[in-house]
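Asker: Predicted coordinates and the sequence they were generated for:
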Amino acid sequence: PILSCKSYRLSLLVLATASSALAAEARIPISGTTTITTPGTYFLSRGLTGAGPLITVQADDVVIDLNGFTLTPTSGAGVFASNFDRVTVRNGFIVGGQSAVRFEGVEGARVERIATSGSTAAAIHTIDTTALVVHDTILRNPGGEGVLVNASGLAEPAQVEITSNQIVGTGGTGISLKKV
């Protein structure tokens, strides 16, 4: 009987831990131009159009799932983050704007499963960003580079992983790395 009581308590502990983990993973909808100020996983509930940035990140530990929808910035960036860490953008489309995604001073930046078209400058533009991963993207017809990584303000070279991407019709080079 004592052994089964301990097992019961352990089961409750496991259930409580699983419940809190699920609560921590709750997804937060985005339905308009927004500034994200708290960590979490966010998802688009519809496409967004307007002056960029359409989504501004002002928190660490943010995942933005475009959920198959399209961001259409008429200027600026589709997604912008400056001096916050562990920011991910994935699963959708970004059309137009100056850049689809722009990160400045972000450590742990990820862009994955994104298709872009028609940005006037670099499709993915990073400045002094470290631990950057760009994976499985399609970058079409940017006015500048497909991916521009400028780490000239960092004391150490940035760590960059760019894999399984298609970059088509750039106005500059496909991938430009400065002090990487």
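Answerer: Now that the structure is in, tell me what you want to look at.
Asker: Point out where the chain drops to low pLDDT.
Answerer: 1-25, 180 (pLDDT under 70).
Asker: please redo it, this time with the cut-off set to 50
Answerer: 1-23 (pLDDT under 50).
Asker: Just want the most central residue of it.
Answerer: V89 (2.2 Å; C-alpha atoms, centre = their mean).
Asker: how far away is that one from L154?
Answerer: Counting by C-beta to C-beta, to the nearest Å, the gap from V89 to L154 is 21 Å. Where you see a C-beta, it was placed from the backbone N, CA and C, and this is true even at glycine.
Asker: one step back: who does the residue nearest to the centre of the chain bridge with?
Answerer: Per DSSP bridges, the residues bridged to V89 are I64, V111.
Asker: Enumerate every residue touching it.
Answerer: 64, 66, 79, 101, 110-112, 114 (C-beta atoms under 8 Å, 6 or more residues apart in numbering).
Asker: any idea how far it is from S152?
Answerer: From V89 to S152 the distance is 23 Å (C-beta to C-beta).
Asker: Equivalent analysis for H135, please.
Answerer: On the measure of C-beta to C-beta, H135 and S152 end up 24 Å apart.
Asker: ok, the two, which is more surrounded?
Answerer: Counted by other C-beta atoms under 10 Å, H135 and S152 do not tie: H135 has more neighbours, with 15 against 10.
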